[in-house]
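1. Build me a structure from this.
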Amino acid sequence: MYALVETILLVFGLVALGYGAGAVRYLREDAGDALTEFAVGIALPLLLFRTMARADFHGAAPWAFWSVYFTAVVVAWATGHLVTTKLFGRERQAGVVGGVSAAFSNLVLLGIPFMLGVFGQEGFEILSLLVSVHLPIMILASIVQFRLFSPTLAGGGAIGAARDFVRQILSNPLIIGIAAGLLWRLSGFPLPPLASRFVDALADVAGPVALFAMGLGLRKFGISGNVKPGIALAVVKLGLMPAVALMAAWAVGLPPLTAKVAVAAAALPSGVNSYLIATQLGTGQALASNAMTIATASAVITTAFWIAVGQAVFG
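-> Alright, predicted model coming up:
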């Protein structure tokens, strides 16, 4: 238990260190943008490439794993949308932001180093199976929501939505890293020693850099207005979503480690994607920013709780 608490404090401590560096103006906000670009554009894709090229995914039960996690996503997204529109009386476009904020876990910047620290390489390999489908599915769902609820994005119909989806997927460095790793694995060729050293050198810094960059980025978003809806969405994200994942994992009988990864992934706070979607829709920016910031700060406690519950239930 002590090791678990220490790991969680380390992970969120790096986030807090990045936030503090921005708060005291030791580093400028654009430094956070640059670090995020490096983490998402180079270090994390190489980490995913290395994992896909070398890992053994035997026994991970991907279809059951995916069904458990995305059941929790659907419940949290629908609840976040209803909380935003019905409880707080916001328009449907803001409801999209609320749904995304309640369901889009930060699986990359926070989730990857978190799973490595808590569950080790085997847990990270299981998470990689989720990352490989999470981005395409969530991006597609977001684009469909754009088309349904935003008058300014309603043109283009199904062809326009499909074009947007394909463009975003093919240009996403994380998807490229995953696909390249799988192709290299299928080739059967070993990675040349020098290339392997290059990949290892950059992949090994992905976690700490991603966490620090995330903290520095949170300083830029902050909390401003719409605090009560932000708190409500954070409760849905950190409370309801992992609870649904826990019940679903128990109901379908996932293997213990896979079940614990599913619950922990569902318990992660929302990331910057919700804010980016709010910006594109032109509404709900403060809502997304508040939900993300409040959830990330609260996750120090709630993730430890859900990991402990998962350990008690699944062993």
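2. now the helices for the stretch 51-200 of the chain?
-> Under the criterion DSSP state H, counting those that start in this stretch, the stretch 51-200 of the chain contains helices at 62-82, 92-103, 111-149, 157-170, 173-187, 193-203.
3. which other helices and strands contact the last one?
-> What it means is helix 193-203. helix 44-54 (3 or more C-beta pairs under 8 Å, 6 or more residues apart in numbering; DSSP states H and E). Heads up, the C-betas are built off the backbone N, CA and C, glycines and all.
4. and the angle for the helix it packs on with helix 111-149?
-> Orientation check (axes from the mean of the first three to the mean of the last three C-alpha atoms, to 10 degrees): helix 44-54 against helix 111-149 gives 110 degrees.
5. Please point out which parts of helix 44-54 sit buried.
-> Using 16 or more other C-beta atoms under 10 Å as the test for burial, helix 44-54 gives 44-53.
6. ok, those vs Ile231, which is closest?
-> Taking C-beta to C-beta as the measure, Ile231 sits nearest to Leu44 out of the buried residues of helix 44-54, at 29.9 Å.
7. who touches the residue nearest to that closest one when sequence neighbours are not counted in this structure?
-> Leaving aside its chain neighbours, Leu44 sits nearest to Ala206 (4.8 Å; criterion: C-beta to C-beta, 6 or more residues apart in numbering). Going by C-beta atoms under 8 Å, 6 or more residues apart in numbering, Ala206 touches 39, 43-44, 46-47, 112-113.
8. Which two of the residues you listed have the greatest separation?
-> The widest separation within the contacts of Ala206 (C-beta to C-beta) is 14.2 Å, between Leu46 and Pro113.
9. Can you spell out which helices and strands pack onto the helix or strand encompassing Gly18?
-> Using DSSP states H and E, Gly18 sits in helix 2-23. Packed against helix 2-23 by the contact rule (3+ C-beta pairs under 8 Å, 6+ apart) you find helix 29-38, helix 111-149, helix 206-221, helix 285-314.
10. Relative to Arg90, which of the ones you listed is closest?
-> helix 285-314 (7.6 Å).
11. list the buried ones in the closest one?
-> 285-300, 302-304, 306-307, 309-310, 314.
12. now the angle from it to helix 206-221?
-> Using the same axes, to 10 degrees: helix 285-314 against helix 206-221 is 140 degrees.
13. Let me see the mean pLDDT of stretch 172-181.
-> If you average the pLDDT over stretch 172-181, you get 88.
14. Export the helices and strands packed on helix 2-23 as JSON lines, with columns for mean pLDDT.
-> As requested, the helices and strands packed on helix 2-23 are exported to JSON lines (pLDDT from 0 to 100):
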{"stretch": "helix 29-38", "mean pLDDT": "85"}
{"stretch": "helix 111-149", "mean pLDDT": "85"}
{"stretch": "helix 206-221", "mean pLDDT": "83"}
{"stretch": "helix 285-314", "mean pLDDT": "91"}
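15. Please produce CSV containing these, extended by distance to Arg197.
-> Output for those, formatted as CSV (distance: least, C-beta to C-beta, whole Å):
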stretch, distance to Arg197
helix 29-38, 19
helix 111-149, 19
helix 206-221, 15
helix 285-314, 34
